[in-house]
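S.K.: all I have is the shape, not the residue letters:
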């Protein structure tokens, strides 16, 4: 059975303290890469993977790291893991690697990764740290994907465009034309669309939260 | 909603002010019908209809009483300004999207009348030109230049059904600003460009008269103290000075000040858009700085930017700076030393 503490950690990461729409952390990739679902999901999962492993590693050695230099130590660990992920994507999903571009190495500087390591993993057990980082990562991925879906549908009228970049040429026909013969609202794909979309998501979450607590 | 001191303004409720401003637009609209055909009437009424619909919908959603806010005329003014800033004879959904961004996003998401940071009509315009550059640069060609000028029924047909057999090339053309920009880049000389039929004496054919009508309506507003002289004057002076300097330095690349004043949205912007009391600076010195810089930016965007007209982006950019300008230009309060309480009057 899942313990009460684990349940709290999951609930915090996915909803109550969702990094994307409650803590408003990690906005740079959130806004830049969420122009379609495939990019959003790929970057979200890459970030989640880095978060889970780096939180786990930090938690293992948390009693060994001198307090005064903990931040450089954390960043080194995170940067090493990001490099691993980056090289792996370079090798196996090269097309996607090209699309995500600079935002892959930038996961190192994504404040949500460091925030979870500093606020959680450096103080708690390894299992809980990994769970927390995974939940937070998935929470961020959820926001990224919702925003990506909103922007892609409004901006291009499709879903999963570019999926062949992630899954290979066999997935070319999996793009769903949600609105056929659509002119496309370019604004949704451009940066302003990301800000407006994120604002709407935050508003939606606040409304749901208010309804729930009533 | 009025130039201070408020004690002198009798019976100038929001409604009355808005209606007077709308009335001041009428000469410009008449000139537009005369020179460009009745298409503008379709887009004006369509935008007004959409705007009232969105306004009512949002007011209902927010649980705000409909009548006082719907009847204050502010949303009508926003809709009319947007319609006048947009090409006529565009598909109906273009007006719908523009009005949506103006009324819902720019006005109500920021808190409604009086709370918006950005000029709603210009947000609508900016969203459209960024998203649909093709539709937003197909302007109705002036009567005499166009092969056909659609009458009222044909205009309805074009807006709602796309016209079918009439090709857009028959009744649209690029604006003079657009033409100037592309042809200068192709290396054509100024005299050659200005000799084309869509150019008039100083600005665009017909368009220059429409601009003069806006100027007349705007001067009426100023003389009725519905707007102070600061913003229109500084805006036009900013345009004239910047265009003048550029023209002196590189006459082959940059058109003269009169061309810039009488083409595009300069006159409409100076008197009706930059003067929006909600989003403009409110101190006298602040108004001069705000509008002067907006005029400067307008010409810079026209000369070096990617979009044909710069009024919308210039006004929006200066809207961002308004709180800052206002905080640093507070006039001396009687009995206090100058600068004694900067930012906190």
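M.R.: That came through fine. Since this is a predicted model, take the numbers as computed values, not measurements. Numbers count the residues shown, from 1 in each chain, chains lettered A, B, ... in the order given.
S.K.: and the spatially most central residue of chain A, how far from residue A:29?
M.R.: By Cα atoms, centre = their mean, the mean C-alpha position of chain A lies nearest to residue A:44, the distance being 3.2 Å. To residue A:29, residue A:44 is 9 Å away according to Cβ to Cβ, to the nearest Å. Heads up, the C-betas are built off the backbone N, CA and C, glycines and all.
S.K.: residues in contact with the closest residue to the residue nearest to the centre of chain A other than its chain neighbours?
M.R.: Leaving out its chain neighbours, the residue that sits closest to residue A:44 by Cβ to Cβ, 6 or more residues apart in numbering or on different chains is residue A:141, at 3.0 Å. Counting by Cβ atoms under 8 Å, 6 or more residues apart in numbering or on different chains, residue A:141 makes contact with A:40, A:41, A:44, A:45, A:47, A:48.
S.K.: how does it look with 7 Å?
M.R.: A:41, A:44, A:45, A:48 (Cβ atoms under 7 Å, 6 or more residues apart in numbering or on different chains).
S.K.: what strand or helix carries the third one?
M.R.: Meaning residue A:45. Following DSSP states H and E, one finds residue A:45 within helix A:37-60.
S.K.: how far out from the middle of the chain is that helix?
M.R.: 7 Å (Cα atoms, centre = their mean, to the nearest Å).
S.K.: for the next helix or strand after it, which helices and strands make contact with it?
M.R.: As assigned by DSSP H and E, the chain's next helix or strand after helix A:37-60 is helix A:70-92. Packing partners of helix A:70-92 (3 or more Cβ pairs under 7 Å, 6 or more residues apart in numbering or on different chains; DSSP states H and E): helix A:37-60, helix A:94-100, helix A:111-116.
S.K.: quick one: name the residues of chain A near chain B.
M.R.: For chain A, the residues in contact with chain B (Cβ under 7 Å from any Cβ of the partner chain) are A:185, A:186, A:187, A:190, A:196.
S.K.: could these go into a markdown table alongside neighbour count, pLDDT and secondary structure?
M.R.: Shown next, in a markdown table, are these (neighbours: other Cβ atoms under 10 Å in any protein chain shown; pLDDT from 0 to 100; DSSP: H, G, I helix; E, B strand; the rest coil):
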| residue | neighbour count | pLDDT | secondary structure |
| --- | --- | --- | --- |
| A:185 | 22 | 82 | coil |
| A:186 | 16 | 84 | helix |
| A:187 | 22 | 86 | helix |
| A:190 | 16 | 87 | coil |
| A:196 | 19 | 90 | helix |
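S.K.: most widely separated two among those residues?
M.R.: A:186 and A:196 (13.2 Å; Cβ to Cβ).
S.K.: following the chain onward from the helix or strand residue B:155 falls within, which element is next?
M.R.: Using DSSP H and E, residue B:155 sits within helix B:152-161. For helix B:152-161, the succeeding helix or strand toward the C-terminus, using DSSP H and E, is helix B:168-171.
S.K.: what ranges does the stretch 51-200 of chain B have for its helices?
M.R.: For the stretch 51-200 of chain B, the helices defined by DSSP state H, counting those that start in this stretch cover B:66-70, B:74-85, B:92-99, B:120-131, B:133-136, B:152-161, B:168-171, B:176-185, B:190-194.
S.K.: among those, show the one with the smallest mean pLDDT.
M.R.: For those, mean pLDDT drops lowest on helix B:168-171, to a mean of 74.
S.K.: list the buried residues for that one?
M.R.: For helix B:168-171, burial by neighbour count (16 or more other Cβ atoms under 10 Å in any protein chain shown) applies to B:168, B:171.
S.K.: the lowest-mean-pLDDT helix or strand in chain A: which residues count as buried?
M.R.: Within chain A, confidence by mean pLDDT, DSSP states H and E is lowest for helix A:163-167 among all helices and strands, at a mean of 73. Buried residues in helix A:163-167, counting neighbours by 16+ other Cβ under 10 Å, are found at A:163, A:164, A:165, A:166.
S.K.: what is that helix packed up against?
M.R.: Where contact means 3+ Cβ pairs under 7 Å, 6+ apart, helix A:163-167 is packed against helix A:37-60, helix A:94-100.
S.K.: tabulate those helices (a markdown table), appending mean pLDDT.
M.R.: Listed next are those as a markdown table, based on pLDDT from 0 to 100:
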| stretch | mean pLDDT |
| --- | --- |
| helix A:37-60 | 91 |
| helix A:94-100 | 85 |
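S.K.: just name the most buried of those.
M.R.: Of all the helices and strands packed on helix A:163-167, helix A:37-60 carries the top mean neighbour count, a mean of 24, counting by mean count of other Cβ atoms under 10 Å in any protein chain shown.
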